[in-house]
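Trainee: take this sequence and fold it.
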Amino acid sequence: MIYKNFILTSLALVMVAACSTETAQHQWVKDKEYQITVLHTNDNHGHFWENKYGELGMAARATLINKIRTEVESKGGSVLLLSGGDINTGVPESDLQDAEPDFIGMNMIAYDAMAIGNHEFDNSLDVLAKQEGWAEFPFLAANIYKDGKRMFDAYKIFNKDGVKIAVIGLTTEDTADIGNPEYIKQVEFRDPKAEAKIVIAELKAKHNPDIIIAATHMGHYLNGNNGSNAPGDVQLARYLNEGDLDMIVGGHSQEPVCMEGINQYAKFKPGDDCQPDQQNGTYIVQAHEWGKYVGRADYTFKNGLFTMQSYNLIPVNLKKSTKNAEGEKIRVLIQSEIAQDKAVFDTLKPFQDKGQAALSVLIGSTNGLLEGERKIVRNKQTNLGRLIATAHMQRAKADFAIMNSGGVRASIEAGDISYKDVLTVQPFANMVTYVDMTGEEVINYLNVVATKSKDSGAYAQFAGISMTVANNQVSNVMIAGKALQATATYRFTIPSFNAAGGDGYPNISEHPAYVNTGYVDAEVLKEYIQKNSPINVADFAPKNEIIYQ
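Mentor: Here you go, the predicted model:
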């Protein structure tokens with residue numbers, strides 16, 4: 001019996017040693033040059049269908065990616081297709097269907113893996129689980145924990161013709177602040193830099209990959225800066241040992257990462273050449289947003305060296321404005337038209353039709369642009385921000401209103417306004433809430449909220465109030481044209497997301513005078529537009545009520 005156990009134990013040790021040797025050995029052939037192409041998109045935000053100008057859409061994206069696959073594989077190369085996350089939120093036809101058409105489209109295009117984005121937590125965790133079930137590719141996030149365990153796989157190993165590629169998923173830790181507190185109470189977002197170091201050590205010990213790529217949703221911030229956002233891809237690359245990561249496929253900051261010189265963005269336009277960022281031996285790429293581009297990185301791999309040969313952001317039927325011979329404004333393709341893949345088009349069209357039927361109803365009109373463009377509404381007061389805040393204020397019979405700019409997702413063009421326009425602007429289904437506070441409490445609250453950094457979703461839009469903001473404090477606060485009184489009581493509205501502590505706002509949901517009205521923000525905006533149409537944009541134009549010094 002002892003002899004038998006000895007034999008079994010010895011056999012087990014031999015097998016472990018063999019496995020370890022096999023793990024340590026490379027499967028690629030010495031002196032052979034391998035062609036590996038990494039394709040990527042990020043921040044889809046519901047754009048499974050082409051827009052009204054015939055741009056974007058998964059059907060055209062499928063045609064482009066399949067063409068590249070055929071080209072690369074016909075020459076003996078391999079393709080890896082990654083997403084930087086944020087599939088959810090932004091297009092009502094998708095939002096109303098929990099992004100099911102987006103995941104179906106990604107399956108048909110054959111994505112290999114996806115980083116979890118912060119907007120994957122815009123819905124309850126059961127919706128996220130349902131989406132993970134729809135996806136035929138892994139959701140990756142090494143730094144997201146629940147009950148002390150990772151919620152998703154930390155990495156996935158791909159074997160491309162004998163070259164072993166590890167893809168790690170990482171998500172911005174800022175999700176803890178900008179995610180919906182109602183859905184992420186039990187979710188922990190750990191430091192992605194520290195988790196990356198742990199996972200890379202594990203990968204090297206267990207799998208000895210030839211290439212390590214991080215699919216991230218952390219954002220690209222010049223020279224490692226991050227402002228009010230959590231550390232992004234540049235800090236990640238610099239934190240690790242040089243060469244630990246071969247490539248970062250990013251998302252979150254929603255921009256084309258095309259560089260000119262050291263730590264300087266190029267003035268990139270669709271169709272231009274794009275030079276990706278390189279930090280501490282790691283290439284960092286990002287393909288803007290919405291499937292406007294497919295990023296293509298062509299590499300060679302030889303004797304352990306992974307070398308980028310070319311990089312390009314390929315526009316997906318993007319167009320530019322010009323004038324025809326009669327002087328009329330028209331849009332023309334920047335590059336040759338990409339046909340829509342018939343199978344993808346036919347599969348997704350019923351979802352588009354279903355969504356359109358519910359959204360095409362006209363609810364009013366506006367005599368000018370209502371400004372909600374991301375780079376504007378997160379940096380200054382706008383007429384749309386004030387319109388939304390005013391609608392909330394009137395519904396709650398409040399004295400003033402606060403609206404986080406991260407909850408304003410698009411502009412509304414001059415002319416007719418549809419239900420779809422409203423849901424595009426406010427897709428999160430937050431509730432309008434209000435609270436009654438003393439003037440002293442209001443000042444303390446504003447000292448936190450009104451001083452939030454610009455260029456972030458926390459930056460606040462206001463209605464019914466004026467103030468001066470300087471040195472992280474507010475002063476000269478006026479409500480309804482009268483100076484704020486410390487002992488008087490004031491009512492203000494705030495989206496439920498922020499009332500629960502979202503965007504780093506004080507959590508006031510336990511305040512004794514806090515009320516959740518039960519009214520969905522988009523519905524409140526819709527009804528306000530219906531009652532006050534046509535909207536006169538001049539009535540909501542900021543008039544220096546909020547002065548920053």
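Trainee: show me where the stretch 201-350 of the chain has strands.
Mentor: Under the criterion DSSP state E, counting those that start in this stretch, strands of the stretch 201-350 of the chain are mapped to 211-217, 247-249, 277-279, 282-285, 293-302, 305-315, 319-323, 329-333.
Trainee: I198 should be in a helix, yeah?
Mentor: Yes - under DSSP: H, G, I helix; E, B strand; the rest coil, I198 sits within a helix.
Trainee: about what we covered before: okay if I get the strands of the stretch 201-350 of the chain as CSV plus mean neighbour count and distance to N404?
Mentor: No exception for glycine: its C-beta is placed from N, CA and C like everyone else's. Below are the strands of the stretch 201-350 of the chain laid out as CSV (neighbours: other Cβ atoms under 10 Å; distance: least, Cβ to Cβ, whole Å):
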stretch, mean neighbour count, distance to N404
strand 211-217, 29, 20
strand 247-249, 29, 29
strand 277-279, 19, 29
strand 282-285, 24, 28
strand 293-302, 21, 28
strand 305-315, 16, 31
strand 319-323, 12, 32
strand 329-333, 11, 33
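Trainee: where's Y434, which helix or strand?
Mentor: According to DSSP states H and E, Y434 maps onto strand 431-438.
Trainee: what's the closest of the strands of the stretch 201-350 of the chain to E260?
Mentor: Evaluated over those, closeness to E260 peaks at strand 277-279, with 10.6 Å, by Cβ to Cβ.
Trainee: what pairs with that closest one, parallel or antiparallel?
Mentor: Using DSSP bridges, the strands paired with strand 277-279 in its sheet are strand 282-285 (antiparallel).
Trainee: how far away from the center of its chain is the strand it pairs with?
Mentor: 18 Å (Cα atoms, centre = their mean, to the nearest Å).
Trainee: what's the first helix or strand after the strand holding Y434?
Mentor: Next element after strand 431-438 (DSSP H and E): helix 439-449.
Trainee: within the sheet, what are the partner strands of the helix or strand just after that next one, with directions?
Mentor: Remark: after helix 439-449, the chain's next helix or strand is strand 460-463, criterion DSSP H and E. Sheet pairing of strand 460-463 (DSSP bridges) gives strand 400-404 (antiparallel).
Trainee: buried ones in whatever helix or strand comes next after the strand it pairs with, by neighbour count?
Mentor: Next helix or strand after strand 400-404 toward the C-terminus (DSSP H and E): strand 415-418. Neighbour counts over strand 415-418 (16 or more other Cβ atoms under 10 Å) mark 417-418 as buried.
Trainee: tell me what the following helix or strand past strand 415-418 is packed against?
Mentor: Downstream of strand 415-418, the first helix or strand assigned by DSSP H and E is helix 419-425. Under the contact criterion of 3 or more Cβ pairs under 8 Å, 6 or more residues apart in numbering; DSSP states H and E, helix 419-425 touches helix 92-95, helix 342-359, strand 362-366, helix 521-532.
Trainee: just want the angle from the helix or strand just after the first one to strand 293-302.
Mentor: Counting by DSSP H and E, the next helix or strand C-terminal to helix 92-95 is helix 100-109. Computed by axes from the mean of the first three to the mean of the last three Cα atoms, to 10 degrees, the angle separating helix 100-109 from strand 293-302 equals 30 degrees.
Trainee: pull the CA atoms of helix 100-109 into CSV?
Mentor: Presented in CSV, the C-alpha positions along helix 100-109 are these (Å, rounded to 0.1, in the frame of the first residue of the first chain):
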residue,chain,number,x,y,z
GLU,A,100,-29.7,43.1,-26.3
PRO,A,101,-29.2,44.2,-30.0
ASP,A,102,-25.7,45.5,-29.2
PHE,A,103,-24.6,42.2,-27.7
ILE,A,104,-26.2,40.2,-30.5
GLY,A,105,-24.3,42.4,-33.0
MET,A,106,-21.0,41.9,-31.1
ASN,A,107,-21.6,38.1,-31.1
MET,A,108,-22.1,38.2,-34.9
ILE,A,109,-19.0,40.3,-35.4
